[in-house]
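J.: please find the sequence and the predicted model below.
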Amino acid sequence: MLLEPERLHEIGRLRVPAAPITEQLRDRLAIPVATDDFAEVARAALALALTRDPFDRLVVAHAALRAGTLFTLDARIRANYAATAG
């Protein structure tokens, strides 16, 4: 999901836009960009009450749907989603 890192870049929390970060993850670490159905991710996010931030809810829902590890330093997400690292 590229929307969240791009938004963080736009508000100054990331120095680099989403595209170069994504390219590095794909090329150096073989981490692909997910192509899951957004509607499915959004439906799963509706059930999450861990935060009011819709982007955080989408990111966590997407990780949960894929049973994946989520790399984050966000304390609220780490407290509510067991499969985190960072």
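T.: Received the coordinates, thanks. Numbering: from 1, shown residues only.

J.: number of residues surrounding residue 49?
T.: Neighbour count of residue 49, defined by other CB atoms under 10 Å: 8. For every residue, glycine as well, the C-beta is placed using N, CA and C.

J.: against residue 25, how distant is it?
T.: Separation of residue 49 from residue 25 (CB to CB, to the nearest Å): 29 Å.

J.: give me the neighbour count for residue 19.
T.: 12.

J.: unless I'm mixing things up, it is touching residue 2, no?
T.: Yes - using CB atoms under 8 Å as the test, residue 19 is close enough to residue 2 to be in contact (7.5 Å).

J.: who touches residue 41 in this structure?
T.: Going by CB atoms under 8 Å, 6 or more residues apart in numbering, residue 41 touches 1, 58, 61, 62, 65.

J.: go again with 10 Å.
T.: 1, 34, 57, 58, 59, 60, 61, 62, 63, 64, 65, 66 (CB atoms under 10 Å, 6 or more residues apart in numbering).

J.: neighbour-wise, which one of these leads?
T.: residue 60 (26 neighbours).

J.: would you agree that residue is in contact with residue 74?
T.: Yes - under the criterion of CB atoms under 10 Å, residue 60 makes contact with residue 74 at 9.4 Å.

J.: between the two, which contacts overlap?
T.: 50, 51, 53, 80, 81, 84.

J.: quick one: which of the residues you listed is nearest to residue 10?
T.: residue 53 (15.1 Å; CB to CB).

J.: that's a helix at residue 4, yeah?
T.: Yes - under DSSP: H, G, I helix; E, B strand; the rest coil, residue 4 sits within a helix.
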